[in-house]
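K.L.:
Coordinates only, no sequence provided:
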């Protein structure tokens, strides 16, 4: 569950559990704001993950409206959200190696605990399916 992920990620990264919880919240919220399909697998299987994402987003003033979320899923919006994620993770105290370990821990936990594969690096978790993006643009146009 979420507490297990926080504990093992804390051990792997050398961060304390508060920093780890914050970092996972930032990561989950970024993936949610990007509209990434894999985050829904995380949310549907890991109790507390969606709440952590929402709480983190609220604390940071992340956009929550439908139009704002659609803008965040444009190429420029996705870039802004991603850059904000890295800035926030650095503010929490993570270095580049710790950010890489963070993703590895999430991927390993999802595979071990929930048999969900394919979350091994940042691109897997926060990048949206290009075909879905085409469908969204077509539907809006």
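P.N.:
Arrived safely, thanks for sending. Given the structure is predicted, the values throughout are model-derived calculations rather than measurements.
K.L.:
all contacts plus neighbour counts: C-alpha atoms, from now on.
P.N.:
Fine.
K.L.:
Give the lowest-confidence helix or strand of the protein, using mean pLDDT as the measure.
P.N.:
Sorted by mean pLDDT, DSSP states H and E, the helices and strands of the chain end with helix 130-140, the least confident at a mean of 45.
K.L.:
got the phi/psi numbers for residue 74?
P.N.:
phi -80, psi 160 (degrees, to the nearest 10).
K.L.:
What's the local residue count around it?
P.N.:
Number of residues near residue 74 (other C-alpha atoms under 10 Å) recorded here: 14.
K.L.:
for the one 5 residues further on, same thing?
P.N.:
If you count neighbours by other C-alpha under 10 Å, residue 79 ends up with 14.
K.L.:
and if you look at residue 115?
P.N.:
Using other C-alpha under 10 Å, residue 115 has 10 other residues around it.
K.L.:
Also residue 30?
P.N.:
Burial of residue 30 is recorded as 28 neighbouring residues (other C-alpha under 10 Å).
K.L.:
quick one: it and residue 81 touch, right?
P.N.:
Yes - using C-alpha atoms under 8 Å, residue 30 makes contact with residue 81 at a distance of 6.5 Å.
K.L.:
From what I see, residue 111 and residue 117 are in contact.
P.N.:
Yes - assessed by C-alpha under 8 Å, residue 111 is found in contact with residue 117 at 5.3 Å.
K.L.:
just checking, residue 19 touches residue 93?
P.N.:
Yes - here residue 19 reaches residue 93: they are 7.5 Å apart, a contact under C-alpha under 8 Å.
K.L.:
Settle it for me: which of these two has more neighbours?
P.N.:
residue 19 (17 against 13).
K.L.:
Could you look up the SS state of the more buried one?
P.N.:
helix (DSSP: H, G, I helix; E, B strand; the rest coil).
K.L.:
Give me the nearest residue to it, chain neighbours excluded.
P.N.:
residue 92 (6.2 Å; C-alpha to C-alpha, 6 or more residues apart in numbering).
K.L.:
what about residue 47, helix or strand, and which?
P.N.:
Using DSSP states H and E, residue 47 sits within no helix or strand.
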